[in-house]
Structure formats: C-alpha cells, structure tokens
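Chemist: Just the structure for this:
(2 chains)
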Amino acid sequence: MLISQDDRLSFEKSVPGRRGVILPKERFCENDPFKNIPPHLKRQTTIGFPELGEPEVIRHFINLSRKNFSVDTHFYPLGSCTMKYNPKVNEWAARQEKFTALHPLQTEETAQGIFEILYELEEGLKEITGMDRFTLQPAAGAHGELTGMMLVRAYHASRSETKRTKVLVPDSSHGTNPASAALFGYHVVEVKSDSRGRVDLEDLKRHLDEHVACLMLTNPNTLGLFEKNILEITKLVHQYGGLLYYDGANLNPLLGIARPGDMGFDIIHVNLHKTFSTPHGGGGPGSGPVGVKSHLAAFLPGPLVEKTKNGFVWAKKNPQSVGRVKLFHGNVGVIIRAYTYLKTIGKEGLRQVSDAAILNANYMKEKLKETFQVAIDEPCMHEFVLSIKTFDAQGIHAGDIGKRLLDYGFHAPTVHFPLVVPEALMIEPTETEAKETLDRFIEAMEQIAKEIHEDPEKIKHAPHTLPVRRPNDVLAARKPILSYRDQLREKYLLAEAAA
Amino acid sequence: MPYLSLTDEDKKTLLQKIGVNSVEDLLKDIPVSLRNPKVSLPAGLSEPEVQALLTKLGQKNTTTKDFLSFLGAGSYEHFIPAAELEIVGRQEFLTAYTPYQPEASQGTLQAIYEYQSLMTELTGLDVSNASHYDGATALAESALVALKHTNRSKILVARSVHPHYRETIRTYLTGTPYMVEEFGFEVSGKLDKTDLLAKLNMDIAGVIFQSPNFFGIIEDLEGLSETIHANGSLMILTANPLSLGIFRTPGEWGADIAAGEGQPLGLSMEFGGPFLGYFVVSQALMRRIPGRLAGLTEDADGKRAFCLTLQAREQHIRRERAGSNICSNQALCALAACAYMTLLGKKGIREIAEINFDRAQYLRSKIAKLKNFEVDVNLPIFNEFRVFSKKPFADVEKKMKEQQIFAGVSLETFYPELKNQFLVCATETKSKEGLDRFVEVLARC
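Modeler: A predicted model of the protein is given here:
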C-alpha cells in the first residue's frame, strides 16, 4: 500500500526511553543553581510529550506529508487562492544562512544585504501597483486589511471627520473584508452585485453619504470579472469623501496590464503568497504588504526602510504613524522569496504571467461551458465561476463535485463561494499550468457530469480513493476534541460510564 | 521567463478555442486609459544570475553565525535539528493550501492537531489554535478576547512586557472604544504588584504579564490569578515556551490565556520572521479563540479523521460578526515547532531548558565579577538577563563588535530611563569558550 494507513498520533507511538535528539551533557555551572530557584516558580507537572527516536519521527511526518495534496504533486485550481508553482530558487534563497541567521535587532550597518532586499521589493511593488509607499510588516492578506482599516481610521481622524462610521463591501467580497472592518467598530454595509456580477452602481449610490469611510473592493472581483465601471466607482466614493481599499487577492491578472493606483485606490494590500509565488505552507506564513498613496504615507506602520547616501537605515518614526502592527519587520523569509521571484521574472515577465493566467482561465471556461453553466458568461480574467445548480434534480452540490475531483487526482476548486452564486465552483488555473493539465482536468469534469446522470450516489459519497472519506464535521463541532489531552479525557469518561 | 508552460503553439490553440485573436481582446472591460501602464523594473535574470545576486546580498550581512551573538529580546538563536529541517522542507507540506478539503489534507490536519496537543501539554492550558502570526499579534488578539468575553473596556498591561508587543496591542486598540493602561516594574525589573493592584478595577477586562519578562526575569505571580479572577478579569500570560520545560506554566499560574512567541521552538531568526504566534486558552474560552482549529472526528466509514472545526467562529462563515479576521496563519511554522517538540520529546524539552538556564547563569556569574559591569545574581532568570554598564553602552557595543561580538540589546532604545543597560542572552548555542571570550572582551571595555 503506497499511502500509509497508520493513523496513530505521535503520542500513540511513544515508547518510554526513546529520544530523537541527544543534547550536551555538560553543565558549565558548579552546584546546579536551579536548586536555588524557589520551588513555586518551577514547573509543577511532567510534560506529556511523546518519546520517539529520530527514525520514527521522520517516518511519522514523511508519511503524514504523503496524505496531502500540494501544488508540487497535484493541479490545485483553487479560485482566489492563486495556487501557482512555487519556484525552488526562492526556497534556496530564503534558506541561505546569511539570511536565516540574522537577528532582527542587529545594527543597520551589519544587515545592509537584507535592507536592500526590503527596499528593492518595496520599489518593485510601488511600480507594479502604482502606489507611493509600502509597509512590509503585515503577515497576511487579512492582516493587511486590518492595517488598511487602521489607516482609514487615522486618515479621517486627522481631518476630524469622526462621522465616517460606514465601510462598504460588495456582496461578492471575501469574508475577511467585512470582518476586518467590523474589528474597528465600522458598520459594514453590503453593496449588491448587478446581473453581470459587478458592483451595482445604483445600489452603491444609495449607500454613499457623508458617513462612508471606505469602500473595500477586489478587482477583478471574486467572479473573475473586471469592474468595468471602476473609474466611476472610485470617483463617486471620493466625491463623498470616502477612501478606496483594494484587496490584492486577485492581482495576478493585472501585472503590467493595469494598476490599482491608477484606478483611484488609496490603499492596497498585496498577497505575496499568491501573486508573488511564495508557498502557502498549509495555511501560512504569507505576507501582506500594504501600499498607500502619498496622502496616507504618514500613517503607515513603522519601521520603514530609507535609502541614504551612507546606506540603508530605518526611517525615523512618523508621529502620525498608526504604530507597529507586528513584532519586528514582517515575514522577512517570505519577502526574500517574493524578491527572488521578481528578480527572476523581471519587467517582461509581468505581462507574460498575467497573459497566461488569463488565457488559461478563459480556455477552461470555454471548454467547461459545453457541459456546465458559467455563472456570468463573459470573458474572464484569471478565474471564473460555474454554478452547479443545474444538477439540483440529481441532488448534487458543488462540494460533491469538488470531492469527486479528488478521486481524479485534482484538488477541488473553491466551492460554495462567492456567496452570490448558488452552488458555486470557482476555478483559477494560474499561469504555471500546462495545456495538457487543463485538458485532463476538463476531461475529468466531463466524466463527472456523465457520472452525475449515471450514478449520482457515487458522486455524493466521493472521494473513494483517499485515506478518509467525508469527515463528520458536525460531530467534530458538537463534541470538540482538539488535543490528545481531550482524547484521553474522553476515553476516561467513556470507561467511567461503562463501569 | 521560467515557470510558464504554454508554447506559442498552445497559445494559438487556446486563443482559437476562446475565439479571440489576442489576450488584448479579453481585456475590453479595462478602461483604455488604464491599460499598459509604464512599469519601470529591471529585466529578468537567469537562475545562475539570481543565485549570484542573492549570494552577494547575503555577503553584505554579518550574521549571528559570523559573530558571536548575545542578542535576544524576543528573537533567539537556537539549535535546530537537521531532521526538523527535512520535515519542514517536504514540498507536500510546503506547497499545500489551508486544509479546507480534509480528504486531501490529512497530513497537514494531523500535524496541526499534534501541534495543538503539544502546546496544551507545554503551557498547561486546554485549547490551542493552529497558530497566529506572531507573539505580538497573538497577544493583541488575546486582549480582544478578554474585552469581548468580559464586556469591559480596559486592558492592563505590564510595562515589562516586550515593547513591540505592547505597541502592537496599542495599535490594535486605538480608535476602538477600548483602552490600554500599563502598570510598572520595580527597580529590580520585577513587576510592581502595588501598582498593579492599584489599577485593577471593574473596568479591567484582562491583565497581561510576561514571564520571563522583557528583562529576562521569571516573575512570581503567586496569588495574582485569585485576585484577578475575583475582580472578574482574565489573566493573560506570555512566556518563552522553551522556559516552560522547567518553569511554572501559564496553566499552573491560573492564567486563562497563554499567548506569545513560538520562535524559540525550532524556528530560525530570519531577521524577525516568519515567526509563530501561539494561542492557548482555558476550556471556558474555547469558542472565543481566534483562528483555525483542527479537531478529531470520524469519517463516513467510521475511520479516524481530522478536520477544521468550530468554523462558525471564523470570518469566512461569520463575516462582519466574526471575533477575529484572521485567515492565513503561520501553519508551516507550527509544523516546524511540532517537529521540533516531537524530536526533543519528553526528556529533551526539559534538558534544553536546563541547558539554557545553565549557560545564562554561568555567564551572569562571570559578569558579576567584572569591575565596570553589574548584574543582580539573585534574580531568577531563564536564558537572558540585564547588565548595567558603567561605561556608555554605545562604546561597549562598538568595542565588542570590533572583536566580532554582538554584545546584546540596548534597553535605552525601549526604555529611555534605563541608560547604559543592556540585555544579554545565552542559549545552548554557546560553548564555554564562547562565554568566557565574551567576559574576557567585556572586561577590556
């Protein structure tokens, strides 16, 4: 059997006396000074860690890794997540000891190499997005949004505009948008999409007044469509004194094609772990630099890098800065990877990336249209959304198709999102996939369409070839078992009940 | 450029199928005035050139491997087992997305579950999330949890908590209806209990402590959890997780939340990130914990399975009503910490803490004998301590650097009143010769 069926935890493989690392025996102090530590300051209980030798630990984790789909093993057409190939030279760069062994509080002159990388990446992002200044501190997209909302608040406060309590988000937006705005007490108002999936201008106008602090927008939106009225949208919001926030989750099809800064956005975050090819790591770490136009630069979190004739330094803290949003200087390891990527693709690569991402998506859409319903059938950017509600009669949901795709060796697209499309299946191939891969995926989708008619039960109970099948999430939430300790407690309670 | 797989022939086929002549034809929604902006960037480099460039940039850095380093203050130099690096290097972990499809992510999910299990063991609390961005943001979100849980308006923070953590908490709460108040520390660096008690009132949602605190001191929190709980507030403790191998845990102190920085658990310093925010709470706060949680359940065939759970707390379900907006976390860093803790095991985690303690104690006792420097040898510490210099610290730092030593972190930068004082950290990475050399060079300063 290729994939291990062993589902025991490391804790359950523990054998007293085994160890994975041998540490130095020697102690430098005479008369163990720990004896002088007051007993109540010491740890009172033993540590319930497992005991395994290095060979067992390695086999344990390597077998776990084989229970994952990943970009390096599977096509991963997850919409709005931009699961493009993660170049290995980026990894090579980030693992250089000359970077990994840098302490964040070293003096400036001892870290000029890393300063140069931070500076150059900021310059690149400014060019690509049309913004004037970036902070590299935010750790992820949502963290960037949070920072963005702080900037919105600080900007309006500096102008004594305290009545601006409202943040507008389209109904097709990512969940992080309303969540980020709400964290600062903003009243979140949803703007409807029109019949073509764009911001409904009339609805937007209805919500515009002197209370608007900001409109948060993803463009292209989560349907993969460019907001064709973007210039009118940004103009309208500005007329009412609001700011425009650009969610950079879908920046991948705009490189060298159009810039959020030119569209009228005041604040933007960029997901380095999407457009700039850094790996997702099973959920992170990412990096979400936030860029602003010059009228907001004073509010950015510090520290920022500055180039002087004597080299790079940390800029003096601006008194108007919202303050730091993170420990030290950001996810520098991720920033090194993005910098390496930018150096590799260069100016001419920008357009090639976006062109191929757009081509791949439109090709898939055209092919899949023959079998499935496209939510909005127009030329798309880097992604598009299918609506599976045409299979209601067979009782098939978007999620079922996602599960069945796993059997065919493809990761599921994003399912049941955006919320504006019933039974949504959101597909983003990215530019790094070959035509043969797209064709194989399309074939699998066509095959699944056939199966839906011939044997819908097979789809409803998929997947059939993976280590597990449809974990019961209702049970997991009703009776949460979140650690080995919970398991032991549960076992104890069961035994007690039986007795 | 590399990483693109479409040949010119492919492109033709694709365009033909789409029914357009060029990509430009697909961009009609983009206003013409926006299209084809001037972007000034250098041309792309070949891989040998990229490697050469990055090597050259690396050489402009002087690292903690080039010099003998005693820098700490929230970022620590530790030994990383080779086996851990191999595990974290597995591309199946590295290039996977968030495990929203559990069947395709049992590897990541089980690893997160084991990480959560290890963190509950280490901190002595009940429920750990799958990770937060870093110590500062974890602590800031712990403040939000306390404020929402108690429905009160103020957070009380010890001034001996890491200055970056305190600044981040303030940033997070500025402009909200919530407030931050700080209580001080004694001359010794220990928290000032009198000041704390004077400020503890019915507005206080939570009290945040750090131990070992920013000055490296193990705080004596005896009786505080009773007092804080009697006031209806939560107790939040941020601890160097490695110190918990031998020192009293947040759970044992009666804390409700342990939130802080997991970097000492096998992560390299990387100029300050990516690090690992850990977040562990008592059972009572389970449904308020921010971020992802992996849970154990059964699959449709009754087999053991793992999945993300209690997602009704999170932004992708709850949108503006979510308790936190976190989405991406630091999953791979949590995996690294998980592998590190598993490799060290029950005995190793204790020993590594003992060795850190031993190295710092040894160094402190040697510095105590120097004429121009003072330390308080009676304070309980873990692997870091405060040194008072009779000479200007800037001069000391410069002279040490000339001898290829990073002497420590200046405290005056963070606390203007602490002139010519610095933090010195000694971990298991320091040999006896290294420690002796530090003392010897310091003596000549």
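
Chemist: For whichever strand or helix holds B:Asp10, the averaged confidence score.
Modeler: Take DSSP states H and E as the rule and B:Asp10 turns out to sit in helix B:8-18. The predicted model assigns helix B:8-18 a mean pLDDT of 97.

Chemist: average model confidence for the next helix or strand along the chain from it?
Modeler: Using DSSP H and E, the helix or strand that directly follows helix B:8-18 along the chain is helix B:47-59. Throughout helix B:47-59, pLDDT has a mean value of 98.

Chemist: before we move on, what about stretch A:148-161?
Modeler: Stretch A:148-161 shows a mean pLDDT of 96.

Chemist: Show the residue spans covered by the strands in chain A.
Modeler: Remark: strands assigned in chain A by DSSP state E are A:133-135, A:166-170, A:187-191, A:212-218, A:243-248, A:267-270, A:290-292, A:305-308, A:311-314, A:373-374, A:384-387, A:414-415, A:424-427.

Chemist: Of these, which is nearest B:Phe393?
Modeler: Smallest distance to B:Phe393 across these (Cβ to Cβ): 18.7 Å, for strand A:311-314. Where C-beta positions appear, they are placed from N, C-alpha and C, glycine not excepted.

Chemist: counting contacts, what elements does the closest one pack onto?
Modeler: Packing partners of strand A:311-314 (3 or more Cβ pairs under 8 Å, 6 or more residues apart in numbering or on different chains; DSSP states H and E): helix A:112-129, strand A:305-308.

Chemist: could you dump those to a markdown table with distance to B:Glu417?
Modeler: Compiled in a markdown table, the helices and strands packed on strand A:311-314 are given as follows (distance: least, Cβ to Cβ, whole Å):
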| stretch | distance to B:Glu417 |
| --- | --- |
| helix A:112-129 | 30 |
| strand A:305-308 | 28 |
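
Chemist: and the ones you listed, which is most packed in?
Modeler: Across the helices and strands packed on strand A:311-314, the average number of neighbours (mean count of other Cβ atoms under 10 Å in any protein chain shown) peaks for helix A:112-129, which reaches a mean of 22.

Chemist: list the helices and strands that one packs on?
Modeler: Packed against helix A:112-129 by the contact rule (3+ Cβ pairs under 8 Å, 6+ apart) you find helix A:97-100, strand A:133-135, strand A:267-270, strand A:290-292, strand A:305-308, strand A:311-314, helix A:332-368, helix B:47-59.

Chemist: need the helices and strands packed on strand A:311-314 in TSV with distance to B:Thr227 and mean pLDDT, can you?
Modeler: Output for these, formatted as TSV (distance: least, Cβ to Cβ, whole Å; pLDDT from 0 to 100):
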stretch	distance to B:Thr227	mean pLDDT
helix A:112-129	45	98
strand A:305-308	45	97
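
Chemist: and the nearest residue to A:Pro260 once chain neighbours are set aside, bridged to which residues?
Modeler: Taking Cβ to Cβ, 6 or more residues apart in numbering or on different chains, and ignoring the residues beside it in sequence, A:Pro260 has A:Tyr246 as its nearest neighbour in space, at 4.3 Å. When bridges are taken as DSSP bridges, the partners of A:Tyr246 come out as A:Leu217, A:Ile268.

Chemist: Could you report the pLDDT at A:His382?
Modeler: We note a pLDDT of 97 for A:His382 in this prediction.

Chemist: okay, now it: neighbour count?
Modeler: When counting by other Cβ atoms under 10 Å in any protein chain shown, one arrives at 29 neighbours for A:His382.

Chemist: A:Ala357 versus that one, what's the distance?
Modeler: 4 Å (Cβ to Cβ, to the nearest Å).
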